[in-house]
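Enquirer: Provided below are the primary sequence and the corresponding predicted coordinates.
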There are 2 protein chains.
Amino acid sequence: MAKYHEIYEDLKGKIEEKEYAAGTYLPSENELMKIYESSRDTIRKSLELLASSGYIQKEKRKGSLVLDVGLISFPVSGLTSFKELEQSSHRYHSKTEVASFLYQHPDSRIQKKLNMDPEGYAFSIKRVREIDGERIILDEDHINAAVIPGLTEEIAADSIYEYIENELKLPIAFARKEITVVRASEEDQRLLDMKGYDLLVCVKSYNFLEDATLFCYTVSKHRPDKFRFVEFSRREKER
Amino acid sequence: MAKYHEIYEDLKGKIEEKEYAAGTYLPSENELMKIYESSRDTIRKSLELLASSGYIQKEKRKGSLVLDVGLISFPVSGLTSFKELEQSSHRYHSKTEVASFLYQHPDSRIQKKLNMDPEGYAFSIKRVREIDGERIILDEDHINAAVIPGLTEEIAADSIYEYIENELKLPIAFARKEITVVRASEEDQRLLDMKGYDLLVCVKSYNFLEDATLFCYTVSKHRPDKFRFVEFSRREKER
DNA sequence: AAGTGGTCTAGACCACCGA
DNA sequence: CGGTGGTCTAGACCACTTT
């Protein structure tokens, strides 16, 4: 791991452990240079990471103010798979059920979204996520089989992301997501415990590998009362 | 404006104008150094900005691949005020109506959210956003009067953000946002054209100045069929 | 072998704040 | 006036890809 990344992790840990308390300042860049025995640039890279993830606020001529991370708590932002979410938040009894698993030429709409040839194959997988006995999320993944081969129902029941990253060693790099609200279809109603709701929060996501290959298009529908998305954002300067 | 920021803007513009087409590579860092007559570090800072906002994907030992920005199109992400949104997206006939404007000691819930003394004053403002003749967004701002003085109903009808940044010269720096779905209250139903919906998308936002002062807590409720949020996110490496 | 991006270092100047 | 963070430069080595 790169040095600046180690320093970032170290500082992040110390902020989370309140070794550096919210409202106080981190040691100055000069002092950090000595503490970590590295150059200013390396220190600054670490601080930039901390700032962009909301741990500190840099104030000119004053220092790096530690922010109150208590409020962050539950970052669903970024690229997080269900399994990771499940592990990080302490949810009880979550379960994944594969509702359907197809390996086929996808319809033209999906072909287009995945930039595929008409002859190409794709996996089309529907999975129901059950949390605390309630079926509240329906995930629909369309995965280009030319990029991600060898998927099975067993893998889908566990974690597709884990398979891609750990088995195939393919680095997942970035995604474009869109959040809207849609009316629940009859199928949605059948597969999920809708508890009287007729709307679902719909998260559409285009997922890319490091070489910018689009490998997966996902539609994830959430029962409205169980959906929560949090974000930390900085205002762009100098517009 | 800083040099690296200028280069960023220049490259961004050229990507948007398709001078650098999606799928091709930018000139290498070495070439960019010559083009912009600057050091490698400066170039790299610009490229980092482009990468983090989704314009390029850096590939080791290959170059900076230009991504298809067509898909980004409508970035509601980040810290965008309604007025800016209105100006950037070409919406017709949008209008803001101030439904209520109070200057008072806020109730204890709001006091707590804004970290205020019990003796402190706050502005509590409700605004209805009308787009194409439909009243679809209800904004509720609570603003610490000790930090942001002198607000009036006229300013609220225009743009509070503009007042803060341009009149008071206070730099708005970052926010924490949370998106959930809530049931519409009776008041919501009265103030908005609900078109049969009984749910609203609720965006809660804590807004901070550059010195990390929390100056504003906003609850923005959107009619579900008119809500859309898009995000570009990168997966964290090395966890 | 040449070129790429990733990382790290050392040093410089600036504007501004607070003592 | 000393210390701070913001910016910029010049140079170095690495691992790897492409030719």
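Expert: Yep, it's here. Owing to the predicted nature of the structure, the values given are computational and were not obtained by experimental measurement. Numbering: from 1, shown residues only, chains lettered A, B, ... in the order given.

Enquirer: so how far is DNA strand D from the nearest residue to residue A:229 once chain neighbours are set aside?
Expert: In space, residue A:229 comes closest to residue B:179 once its chain neighbours are excluded; the distance is 4.2 Å by CB to CB, 6 or more residues apart in numbering or on different chains. (C-beta placed from N, C-alpha, C; glycine too.) Taking CB to the nearest atom of the strand, to the nearest Å as the measure, residue B:179 and DNA strand D are separated by 29 Å.

Enquirer: residues touching residue B:179, list them.
Expert: Going by CB atoms under 8 Å, 6 or more residues apart in numbering or on different chains, residue B:179 touches A:179, A:227, A:228, A:229, A:230, A:231, B:201, B:202, B:203, B:229.

Enquirer: bridged to it, which residues?
Expert: Assessed by DSSP bridges, residue B:179 has beta-bridge partners residue A:229, residue B:203.

Enquirer: could you measure from it over to residue B:30?
Expert: Applying CB to CB, to the nearest Å, the value for residue B:179 to residue B:30 is 43 Å.

Enquirer: for residue A:143, same thing?
Expert: According to CB to CB, residue A:143 stands 37 Å off from residue B:30.

Enquirer: more neighbours, those two?
Expert: Neighbour count, other CB atoms under 10 Å in any protein chain shown: between residue A:143 and residue B:30, residue A:143 has more, with 25 against 10.

Enquirer: neighbours of residue A:136, how many?
Expert: Using other CB under 10 Å, residue A:136 has 23 neighbouring residues.

Enquirer: now residue A:195
Expert: 11.

Enquirer: that one reaches residue A:226, doesn't it?
Expert: No: taking contacts as CB atoms under 8 Å, residue A:195 lies outside contact range of residue A:226: 9.6 Å.

Enquirer: what do those two both touch?
Expert: residue A:134.

Enquirer: in chain A, which helix or strand is least confident?
Expert: Every helix and strand of chain A was ranked by mean pLDDT, DSSP states H and E. The lowest is helix A:82-88, at a mean of 62.

Enquirer: helix/strand/coil for residue A:193?
Expert: coil (DSSP: H, G, I helix; E, B strand; the rest coil).

Enquirer: can you give me the neighbour number for residue A:61?
Expert: Residues lying near residue A:61 (other CB under 10 Å) number 4.

Enquirer: same thing with residue A:153?
Expert: Residues lying near residue A:153 (other CB under 10 Å) number 12.

Enquirer: now do the SS call for residue A:44.
Expert: Classification of residue A:44 by three-state DSSP places it in helix.

Enquirer: how about it, nearest residue that isn't a chain neighbour?
Expert: Per CB to CB, 6+ apart, closest to residue A:44 is residue A:29, 6.5 Å.

Enquirer: from residue A:42, how far out is that neighbour?
Expert: From residue A:29 to residue A:42 the distance is 10 Å (CB to CB).

Enquirer: neighbour count: these two, which is higher?
Expert: residue A:42 (19 against 16).

Enquirer: residue contacts, that one?
Expert: Contacts of residue A:42 (CB under 8 Å, 6+ apart): A:3, A:4, A:7, A:36.

Enquirer: which residues does the residue of chain A found nearest DNA strand C contact?
Expert: Across chain A, no residue is closer to DNA strand C than residue A:3, which sits at 2.6 Å (CB to the nearest atom of the strand). Contacts for residue A:3 (CB under 8 Å, 6+ apart) come out as A:36, A:38, A:42.

Enquirer: my guess is the residue nearest to residue A:44 contacts residue A:38. True?
Expert: No: if you go by CB under 8 Å, residue A:29 and residue A:38 don't touch, sitting 10.7 Å apart.

Enquirer: one step back: out of the contacts of residue B:179, who has the most neighbours?
Expert: residue B:201 (26 neighbours).

Enquirer: any idea which helix or strand carries that one?
Expert: For residue B:201, the host element (DSSP states H and E) is strand B:199-209.

Enquirer: no further questions, thank you.
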